[in-house]
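[1] Fold the following.
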Amino acid sequence: MAGQTFWQAFGANFGAEKLALEELYLMQNNTPNLIAYALPVVAVFTVLEFTLGKIFKHEDYTHAELKGSLWVGLGNLLVNLVLKSSLLLAAVWLYNLLPWRMQFSWWSLIPCFFIYDFCSYWSHRISHFNRFFWASHVVHHSAEHYNLTVAFRQSWVQHVKIVFFIPVALCGFHPVIFMVASQMSTLYQFWVHTEAIGKLHPFIEKYFGTPSNHRVHHGSQEKYIDKNFGATLMIWDHLFGTFQYEEEKPKYGLTSPLANKENPFVLNFHEYRDIIKDIRQSDGLKEMLFFMFASPTRVYRYKAAHQPVKTKKTSVAWFLKATILGLFLVMLGQLLAAQPPLPEPKIKNLLFFLQRTPDANTVVYQLNLDKDGVLNEKSPVKALWIRYEENGKIKELSAIEKKFAYGVECRQVENDVFEVRLVSYKKLPMYLQKSPIDQQYRLYIKDEGKDLLLKRVFVKVEGGSFWFPKVHYIDLFTIDTENGAEILKRINLLTSG
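    Got it, this is the predicted structure:
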């Protein structure tokens, strides 16, 4: 009888009445807004951390990142304000569909929060291993300094991850309990974003989210990447093998740091921009899906290593696609096949030069420096014509030539390192970086773990037409930086026969 009484008492908590949608406004007003209540406390501790950092010379803030965090945080508050009613309406709608609806009771907050934390772990973990969801989380990892304002960096589109919390709602918890559990989880994660608190008691460090555990999560070192996903509890990381104690000091930020650190639109949407760019350059459906849904680490390594190597047939397809879109290394038309060799250009800040047959001119690529000799990080490489047919006159490239033929696309991948690609052959990544010998910028290609210094590019064109030239091969004249040996790398673009 005692057992029956227990189950009867337990079952009485289920089968609650449906919630009337017309009472949604009243329910919204009665739902405690814990985040709004906590904002003064959050502001006080943020200012305190900032002030103490200045007093004790702990440089964990920068002006640009501080502005970026504040703008992102403000935008996130506005998004939440706009979506609050819609989210509550969805929670009520789903609650009314369930036959096992729970009565409103504060004790149910305990299992709700526990299950919510479990779902939060998987939401967080999948966001690191799926690029689509990573795009809605990357803003949180974009800061290179670790402080309380990093907690403000919550994506404006993070609500796409609400799909991971549907299991919590399906348990039948009252919508108000569900919303409170969500706010409690968000507030708990504020205090872990600081370097002002060291390691706590070993029991706490092992089983709860702490500043030390979360510093590991934000670290970009290999041993720290994709570790410690737990929000409040670390038990999930122990169970699923993703736990890592803090050992050496983490290096914060993304593996490819952002140049713009304060524009909230760049911080929120740069990964979506990169996904679209990669999809447009993808080689078929398989690679397109890879760029959309593979883990960000795999995508980064894939692009950095230029793997897998494409077959000749695939290379031809990409080359023809580029020529159809525009002019690939063709602006002057077909000249006589036999021409005297062109001289090696002598120009200041030269990185490499490009020549082709048939052509009597040369395209040179040089460092783009301002008047003070400082590298233009937004456009570090510029291309120019040397018109030997016009007595060696130097001319700017036309807009069409820059866009489709001889221009380059550059992006910064880390400090003093830029990825450079020819717009006419984007499959070949080149890297502008400082030489370890003289600390001057040089352009390199990666080959079997070696840095080969690029000096000259030669394009063999024979046959075809003005708009569709037949390119037989591309020769890359390089120097092995380890022993100084000259190495010729040939890219064949025509299949045999």
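[2] Now do the helices in the stretch 51-200 of the chain.
    63-97, 109-129, 131-134, 166-170, 175-188 (DSSP state H, counting those that start in this stretch).
[3] Can you name every helix or strand that the second one contacts?
    Meaning helix 109-129. Where contact means 3 or more CB pairs under 8 Å, 6 or more residues apart in numbering; DSSP states H and E, helix 109-129 is packed against helix 131-134, helix 166-170, helix 175-188, helix 235-240. To be clear about C-beta, it is placed using only N, CA and C from the backbone, and glycine gets the same treatment.
[4] can you pull the buried residues of it?
    Buried residues in helix 109-129, defined by neighbour count with 16 or more other CB atoms under 10 Å: 109, 112-113, 115-121, 123-128.
[5] Repeat that for the fourth one.
    Going by neighbour count (16+ other CB under 10 Å), the buried part of helix 166-170 is 168-169.
[6] Centre of the chain to the host helix or strand of Arg490, how far?
    Applying DSSP states H and E as the criterion places Arg490 in strand 486-492. Strand 486-492 sits 33 Å away from the centroid of its parent chain (CA atoms, centre = their mean, to the nearest Å).
[7] before we move on, back to that, how about the helices of the stretch 51-200 of the chain in JSON lines, adding mean pLDDT and distance to Glu482?
    Below are the helices of the stretch 51-200 of the chain laid out as JSON lines (pLDDT from 0 to 100; distance: least, CB to CB, whole Å):
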{"stretch": "helix 63-97", "mean pLDDT": "87", "distance to Glu482": "38"}
{"stretch": "helix 109-129", "mean pLDDT": "94", "distance to Glu482": "36"}
{"stretch": "helix 131-134", "mean pLDDT": "91", "distance to Glu482": "35"}
{"stretch": "helix 166-170", "mean pLDDT": "92", "distance to Glu482": "55"}
{"stretch": "helix 175-188", "mean pLDDT": "91", "distance to Glu482": "52"}
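[8] Which of these sits closest to Glu401?
    Smallest distance to Glu401 across the helices of the stretch 51-200 of the chain (CB to CB): 33.5 Å, for helix 131-134.
[9] What helices and strands are in contact with that closest one?
    helix 109-129, helix 264-280, helix 285-293, helix 296-305.
[10] can you redo these as a markdown table with distance to Val139?
    Listed next are the helices and strands packed on helix 131-134 as a markdown table, based on distance: least, CB to CB, whole Å:
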| stretch | distance to Val139 |
| --- | --- |
| helix 109-129 | 11 |
| helix 264-280 | 5 |
| helix 285-293 | 19 |
| helix 296-305 | 13 |
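[11] partners of Ala383 in the sheet?
    Tyr365 (DSSP bridges).
[12] That one: neighbour count?
    Residues lying near Ala383 (other CB atoms under 10 Å) number 22.
[13] again, but for Thr51
    Using other CB under 10 Å, Thr51 has 10 other residues around it.
[14] Repeat that for the one 3 residues further on.
    Counted with other CB under 10 Å, the neighbours of Lys54 add up to 11.
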